[in-house]
Structures are given as C-alpha cells and as structure tokens.
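Participant: Fold the following, please.
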Amino acid sequence: MSQKRRTFSPAFKFEAVMELLRGHKPVTDICRERQIKDNLLYKWRDAFLARGASVFETAPGKASLDDQSARIAELERMIGRLAVENDSLKKADSLLGEMRRQRGA
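Facilitator: Modelled structure (predicted):
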C-alpha cells in the first residue's frame, strides 16, 4: 500500500520556518502541530536561509521587469526573423510551383 506524498504551500513552509526561527516553541511542538518531521522543517529552514540574502539584492520587481523587457525584445526580434523567413519560403514555393507548371504544360 503506497502513501500519497503530501505537498505544502510556500506560505505553510514560511510560517513553519518563521516559527522555528523565533524560538518561542521547541521544534518537536512545531512539528507535532503541523504534522511534519523535524528533518523536513530543518530542510526548509536551510533553504530559506540560503536564499534569504537574495531578497535584498535588488529592488523588488525591478530585476524581474528588466529581465522581462529583455526577453520580450528577444522574442520580438525572433518573430521578425521568422516572419521574413516565412515570406521568403512562400515566395520560393510560389516560384517553384510556377516553374513546375511551365515544364509540365
């Protein structure tokens, strides 16, 4: 008999880690209340602490907007190239069709 693997929301993980970091309750109490294992809570804590510094690296949303703008510009260039290529292929197909008709007729 297999057990379903539980998934936890980011908010649930954050609240559990913050409760651990505050130090008001022992780890065993937090884990019992939230029905999780202590090694999972420590894993979440380590991930939180490892990525926590990145929150302060740039202004919120600024980097992501710059990244999105660059990605949009790249995609627009790609669309332009593909449109030109598509038009060229249509013209070439049309010319080849005419040549085939002239030879066959």
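Participant: what residues go with each domain of this structure?
Facilitator: Domain assignment for the chain by automatic domain parsing gives 8-57, 58-105.
Participant: If you average pLDDT over each of the ones you listed, which is lowest?
Facilitator: Of all the domains of the chain, the minimum mean pLDDT falls on domain 58-105 (a mean of 84).
Participant: thinking again about what came up before, can you tell me which of the domains of the chain is most buried?
Facilitator: Across these, averaging neighbours per residue (mean count of other CB atoms under 10 Å) puts domain 8-57 on top, at a mean of 13. No exception for glycine: its C-beta is placed from N, CA and C like everyone else's.
Participant: now that domain: how far from the chain's centre is it?
Facilitator: 22 Å (CA atoms, centre = their mean, to the nearest Å).
Participant: swap in stretch 73-80?
Facilitator: Distance of stretch 73-80 from the chain centroid (CA atoms, centre = their mean) equals 21 Å.
Participant: Packing partners of the longest helix seen in the chain?
Facilitator: Ranked by number of residues, the top helix in the chain under DSSP state H is helix 62-104. The helices and strands touching helix 62-104, judged by 3 or more CB pairs under 8 Å, 6 or more residues apart in numbering; DSSP states H and E, number zero.
Participant: starting at the chain centroid, how far to it?
Facilitator: Relative to its chain's centre, helix 62-104 lies at 27 Å (CA atoms, centre = their mean).
Participant: let's number from 26 now, not from 1
Facilitator: With 26 as the first residue, the last one maps to helix 87-129.
Participant: In space, not sequence, find me the middle residue of this structure.
Facilitator: Ser89 (11.8 Å; CA atoms, centre = their mean).
Participant: ok, that residue to Phe81 distance?
Facilitator: Distance, Ser89 to Phe81, by CB to CB, to the nearest Å: 15 Å.
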